[in-house]
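Colleague: generate coordinates for the sequence data below:
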Amino acid sequence: MQGVGFRPFVYRLAHELSLRGWVQNDGGGVRLEVEGEQEHLDQLLARLQEQAPPLAVVQEVRADWLEPTGYSEFCIRHSDTQSSKRALVLPDVGTCTACLDDLSDPANRRHGYPFTNCTGCGPRFSIIRALPYDRPNTTMAGFTQCARCQAEYDKPSDRRFHAQPNACPDCGPQVWLATPTGERQAEGARALRRATQAVREGLIVALKGLGGFQLLVDATRSAAVERLRQRKQRWEKPFALMVGTLDQAHAVATVSAPAAAMLTGPAAPIMLLPRRADARVADAVAPGSTLLGVMLPYTPLHHLLMRELGIPVVATSGNLSDEPICIDNDDALVRLGKIADLFLLHDRPVERHVDDSVAIWTGDSLQLVRRARGYAPLPVRVSRAGPTVVAAGAHLRNTIALAIGHDVFISQHIGDLETRAARDAHQRVIRDFLTMYEAAPDIIAHDLHPDYASTHWAQATVSQARADGDDLPARLTRAHLVGVQHHHAHLVSCLADNRVDEISLGITWDGTGYGSDGTVWGGEFLLGDARGFVRAAHFRPFRLPGGEAAVRQPRRSAFAVLLETFGPEVCSWEELASVHALSAEERNLLTQMLRRGVNSPVTTSAGRLFDAVASLIGLRQVASYDGQAAMELESVADVSVNGSYSFPVSRAGGSAPLALDWRPLVAAVVDDVRRGTSAAGIAAKFHHALADAVVAVAREVESPRVALTGGCFQNRLLSELCRQKLCAAGFRVLEHQQIPPNDGGISLGQAVIAVASRAMEST
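Modeller: Residues are numbered from 1 along each chain as shown. All right, here's what the predicted structure looks like:
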């Protein structure tokens, strides 16, 4: 509730009801002590929730009745900095319409000012350094308000009453344009004009945004976009677009009413939308995809730039691949100096990196793909309170979580922990959360995979904490480790996301996860809850020749399933794209590796089966980013096709899990390829086969609740088919709402499982 104008709201409400007393922020939220007529006090309690500011998140109201003390007035007290830190830190919020009016009004003193904000909008999480949320605890502490800003801040009827980042051109942050060497070229409005001109000319501009740097380039110029790809070393993964208005969004993509509401709402995420055939956007922006990631301006600085430009621009993270985004001016000049031609900088410090969130509208709800700006660090409220837990998250698409009481605070997207810079960022975010909430964890939860960087951090930190006197390790001296199976964490994250505690069937499909048996899982049907699970079913295992090499080369997964389905004769089937893409020498080598089990781990991965089918129908033989083949398989599918392939479910007997045999499916795909069936038709039938298999297993297991989770359920077609067929069969379908289904949700599941494990130990 801090940072949304809640204290000013209470102040005005108290005066309207002739009540006396005080209101203040503390580490747990907002406290008030009020006395007056009973009828007016009852009205206050009711209206605190009914009429709270739009951005307020009121989780609960606790009231105690006291003897009157004789207050003579109502006031806003200075914040209590000594209380325990449990308040919700509000995410950064898009610019409100009132501030946009100020920005556009030539008579307004904030006309054209890039840092305009009020209690209804502006920076929050990206600038806060400590709780409670007051200006001295933010990166605005170095900017002293001028007399006019101070008057607004002090005036109860003003919308900037107690707006902590309040500023104007006379007293607030300033913007300037610089070369990669740091030489200033222009300041203020002139800097904005020159930056927009540079983008129009096809140059790459690094913009210091709300939660870090973005790289901007004209999205209508193929050569400019390709130049950005070369410099950023991001060869094919789609870029996000920023457009100036909702009308411009409609010009490049099909925008549904719910998607439009999200684009223009306070969170303002990147929305994945169907691309229009006539979109004036270079193909290089999102090669091989029928979707465009579209966002609207969400800060005054963005609004000013986009109004001047009037064209769609690529607005991608200011980093090299696999590194966190830059947040500091000097760091950006060093790390982005060989990417950007110019830098649009400002002097408001960014406390922590916060990427843009990414979402897609599926069915009748929003599904997050990346949870960051606009959502982090709001917690997921869980039913079971327990010990304080730090969850280290997964290795890819990492987030961390901090469980305190009934709240699990989930960090912003950190990314893949493949580089030293990313691993350093992971540790900074953990330190940041522990410091902000003054938490001393009882448990550190981590993935079972022994080679995950997050697992290494957890193990090394606990041992270091017992010997190190540093402030952070000192808080971890009593913590003990809890290892959590990857797909169990996926299941529980979905249950927690839906406030479900009962045992449910989790369809947990992804690329890879370390299984309880030491093999690579990924096509799992787990029956369980936070206390444990049984493996009810899984895909038939197969081997991945070369391990990680097979992840980068879908043709290897295809060859593996071909060899197991048909035998060594497939080595001569050069009419198949997967076989043709491998040399004769490579085929012989892969055959020997698979037969002998050399560097060929066993897997049940649904993600690798997607890869295999994409390779078989000639879509993708080598991938440049994770999930590329699966995304292209979804994109090409003809949704009007209702046919399906056989994907039989069998039971080995006894307590063994059900097995889903993909060999008839692979054989049917090969037959269709040879008959000349279109890739669009094959892809559609493959998706239907997967959804039919989900229903078949659900009927066998007889769980009334089915959770769809794991990275494969970022696939909108797969999710919609599973939902439709499960609902038609009478099952309750649970899907992610507040967190992504991919590994960005793993930390939530780890935290909830760790709390449950302690509860079981105590009983």
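Colleague: next helix or strand past the helix or strand of the chain with the lowest mean pLDDT?
Modeller: Ranked by mean pLDDT, DSSP states H and E, the weakest helix or strand in the chain is helix 471-475, scoring a mean of 62. Per DSSP states H and E, the first helix or strand lying C-terminal to helix 471-475 is strand 480-484.
Colleague: which of the residues in that following strand are buried?
Modeller: For strand 480-484, burial by neighbour count (16 or more other Cβ atoms under 10 Å) applies to 481, 482, 483, 484. Every C-beta, even on glycine, is put in place using the N, C-alpha and C of the backbone.
Colleague: kindly state the beta-bridge partners for the last one.
Modeller: In this case it means residue 484. residue 447 (DSSP bridges).
Colleague: so it makes contact with residue 445?
Modeller: Yes: applying Cβ atoms under 8 Å, one finds residue 484 in contact with residue 445, separated by 5.5 Å.
Colleague: overlap of the contact sets of those two?
Modeller: Listed as contacting both residue 484 and residue 445 by Cβ atoms under 8 Å, 6 or more residues apart in numbering are 750, 753, 754.
Colleague: among the residues you listed, who's most crowded?
Modeller: residue 750 (36 neighbours; other Cβ atoms under 10 Å).
Colleague: what sits against that residue?
Modeller: Residue 750 neighbours (Cβ under 8 Å, 6+ apart): 389, 391, 392, 393, 401, 445, 446, 447, 482, 484, 489.
Colleague: okay, and the residue nearest to residue 381 when sequence neighbours are not counted sits in which element?
Modeller: Of all residues beyond its chain neighbours, the one nearest residue 381 is residue 406 (5.7 Å), with distances taken as Cβ to Cβ, 6 or more residues apart in numbering. Under the criterion of DSSP H and E, residue 406 resides in strand 401-410.
Colleague: for residue 538, what are its contacts?
Modeller: 521, 523, 524, 525, 604, 657, 658, 659, 660.
Colleague: likewise for residue 565?
Modeller: Contacts of residue 565 (Cβ under 8 Å, 6+ apart): 663, 666, 667, 670.
Colleague: if we go by neighbour counts, what in the one helix or strand it maps to is buried?
Modeller: Secondary structure from DSSP H and E places residue 565 in helix 554-566. Buried residues in helix 554-566, counting neighbours by 16+ other Cβ under 10 Å, are found at 554, 555, 556, 557, 558, 559, 560, 561, 562, 563, 564, 565.
Colleague: name the helices or strands packed onto the helix or strand following that helix?
Modeller: As assigned by DSSP H and E, the chain's next helix or strand after helix 554-566 is helix 577-580. Applying 3 or more Cβ pairs under 8 Å, 6 or more residues apart in numbering; DSSP states H and E, one finds that helix 577-580 contacts helix 554-566, helix 606-616.
Colleague: dump the longest helix along the chain to PDB, keeping only the CA atoms.
Modeller: Secondary structure of the chain per DSSP state H: the longest helix is helix 679-701. C-alpha atoms of helix 679-701 as PDB (Å, rounded to 0.1, in the frame of the first residue of the first chain):
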ATOM      1  CA  ALA A 679       3.700 -28.700 -42.100                       C
ATOM      2  CA  ALA A 680       0.700 -26.700 -40.900                       C
ATOM      3  CA  GLY A 681      -1.500 -29.800 -40.800                       C
ATOM      4  CA  ILE A 682       1.100 -32.000 -39.100                       C
ATOM      5  CA  ALA A 683       1.800 -29.400 -36.500                       C
ATOM      6  CA  ALA A 684      -1.900 -29.000 -35.700                       C
ATOM      7  CA  LYS A 685      -2.400 -32.800 -35.400                       C
ATOM      8  CA  PHE A 686       0.700 -33.000 -33.100                       C
ATOM      9  CA  HIS A 687      -0.800 -30.400 -30.700                       C
ATOM     10  CA  HIS A 688      -4.100 -32.200 -30.700                       C
ATOM     11  CA  ALA A 689      -2.300 -35.500 -29.900                       C
ATOM     12  CA  LEU A 690      -0.700 -34.000 -26.900                       C
ATOM     13  CA  ALA A 691      -3.900 -32.600 -25.600                       C
ATOM     14  CA  ASP A 692      -5.700 -35.900 -26.100                       C
ATOM     15  CA  ALA A 693      -3.000 -37.600 -24.200                       C
ATOM     16  CA  VAL A 694      -3.400 -35.200 -21.300                       C
ATOM     17  CA  VAL A 695      -7.100 -36.100 -21.100                       C
ATOM     18  CA  ALA A 696      -6.400 -39.800 -21.300                       C
ATOM     19  CA  VAL A 697      -4.000 -39.700 -18.400                       C
ATOM     20  CA  ALA A 698      -6.300 -37.400 -16.300                       C
ATOM     21  CA  ARG A 699      -9.100 -40.000 -16.800                       C
ATOM     22  CA  GLU A 700      -6.700 -42.800 -15.700                       C
ATOM     23  CA  VAL A 701      -5.500 -40.900 -12.600                       C
END
